[in-house]
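Undergrad: I would like to see how this sequence folds:
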Amino acid sequence: MKLRWPRATKQSAADKELAQALKPILGFTPQQLELYRKAFTHSSAQKKDVHGHPFSYERLEFLGDSILGTIIAKYLYDSVPGGDEGYLTKMRSKIVSREHLNELGKELKLIQFVDSKVQEQHFGDNIFGNLFEALVGAVYLDQGYGTCSQFIYRKIIEPHVDLDQLEGKVASYKSLMIEWFQKEKKRFDYQISVDSGNDAQKHFCVKLVVDGVVTGKGRATSKKKAEEIASKRAYFSLQDKIQRKAHPSVINTTKPR
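TA: Purely as a prediction, here's the structure:
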């Protein structure tokens with residue numbers, strides 16, 4: 001019986017342009033370009049697949065988040081043989097923090113590929129990290145676990161991961177502050193309000209009140225980020241008190257911007 005191989009699908013000019021643009025970022029030539037298109041499709045584009053199902057980068061973001069966490073976990077498991085579960089979990093959280101992933105998405109200029117009806121200036125910072133996770137999901141489905149692992153090593157681990165430095169990095173100022181407040185039996189409250197101001201996108205304002213005194217303020221496009229900003233500013237306003245009782249390894253002396 002003679003096997004009949006399917007004819008190769010001829011690439012369009014748009015396909016070739018996308019493949020050429022992605023190759024320097026990925027380190028290989030992408031094969032299933034439709035996956036990468038989905039990885040860069042914002043929900044506002046209102047696209048549907050051949051079955052009529054709406055799609056955006058969010059499903060690939062979900063997949064990429066899980067794959068990224070698994071590969072980083074394997075790296076830490078191999079690199080820190082003496083690390084217990086708590087230590088490994090904290091280190092993984094620092095490596096795949098939203099702030100770090102947003103920086104990676106910006107560094108790779110992934111926003112240039114986005115198909116959206118929303119103007120770029122109206123996106124929050126988290127879209128950069130979301131796109132990076134969606135890209136990881138697309139790489140995994142297109143090339144498999146091995147190539148995806150190599151991609152993450154090249155883009156995250158080799159250029160950005162220094163375990164000694166990460167040990168002293170605060171993964172979440174909010175968690176750090178809440179732990180300190182509870183330990184010191186201090187009353188605290190995150191007061192949240194909506195402040196659109198002159199911005200087209202809704203913003204949230206957060207005041208962190210400690211024992212009746214506003215100790216930190218934050219403003220961002222998400223409640224979580226605004227709370228983190230307020231917590232970071234509160235941390236530095238109370239730094240002297242905290243450092244006298246905190247373990248040195250959790251202290252980050254970088255001033256907030």
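Undergrad: quick one: average confidence on the helix or strand containing residue 66?
TA: Using DSSP states H and E, residue 66 sits within helix 58-79. For helix 58-79, the mean pLDDT works out to 96.
Undergrad: repeat for stretch 101-117
TA: 92.
Undergrad: So what touches that stretch?
TA: Outside stretch 101-117, the residues that touch it by CB atoms under 8 Å, 6 or more residues apart in numbering are 18, 21-22, 25, 36-37, 40-42, 44-47, 120, 123, 125-133, 135, 155-156, 160. Any C-beta I mention is one placed from the backbone N, CA and C, and that applies to glycine too.
Undergrad: Pull out the buried residues from it.
TA: 101, 102, 103, 104, 105, 106, 108, 110, 113, 114, 116 (16 or more other CB atoms under 10 Å).
Undergrad: and these, which two are the farthest apart?
TA: 103 and 116 (20.9 Å; CB to CB).
Undergrad: hey, where'd the strands end up in the stretch 1-150 of the chain?
TA: 47-48, 54-55 (DSSP state E, counting those that start in this stretch).
Undergrad: Kindly reformat these as JSON lines containing distance to residue 93 and mean neighbour count.
TA: As requested, the strands of the stretch 1-150 of the chain are arranged in JSON lines below (distance: least, CB to CB, whole Å; neighbours: other CB atoms under 10 Å):
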{"stretch": "strand 47-48", "distance to residue 93": "33", "mean neighbour count": "12"}
{"stretch": "strand 54-55", "distance to residue 93": "29", "mean neighbour count": "14"}
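Undergrad: Dump these to JSON lines, plus distance to residue 66 and mean pLDDT.
TA: Converted to JSON lines, those look like this (distance: least, CB to CB, whole Å; pLDDT from 0 to 100):
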{"stretch": "strand 47-48", "distance to residue 66": "23", "mean pLDDT": "85"}
{"stretch": "strand 54-55", "distance to residue 66": "18", "mean pLDDT": "86"}
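Undergrad: Relative to residue 169, which of those strands is closest?
TA: So among the strands of the stretch 1-150 of the chain, strand 54-55 is nearest, using CB to CB, at 35.8 Å.
Undergrad: quick one: low-confidence ranges for the protein?
TA: Low-confidence segments of the chain (pLDDT under 70): 1-11, 168, 196-200, 244-257.
Undergrad: Domain parsing of it, as residue ranges.
TA: 14-167, 173-250 (automatic domain parsing).
Undergrad: mind putting the strands of the stretch 1-150 of the chain in a markdown table, distance to residue 205 included?
TA: Putting the strands of the stretch 1-150 of the chain into a markdown table (distance: least, CB to CB, whole Å) gives the following:
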| stretch | distance to residue 205 |
| --- | --- |
| strand 47-48 | 34 |
| strand 54-55 | 33 |
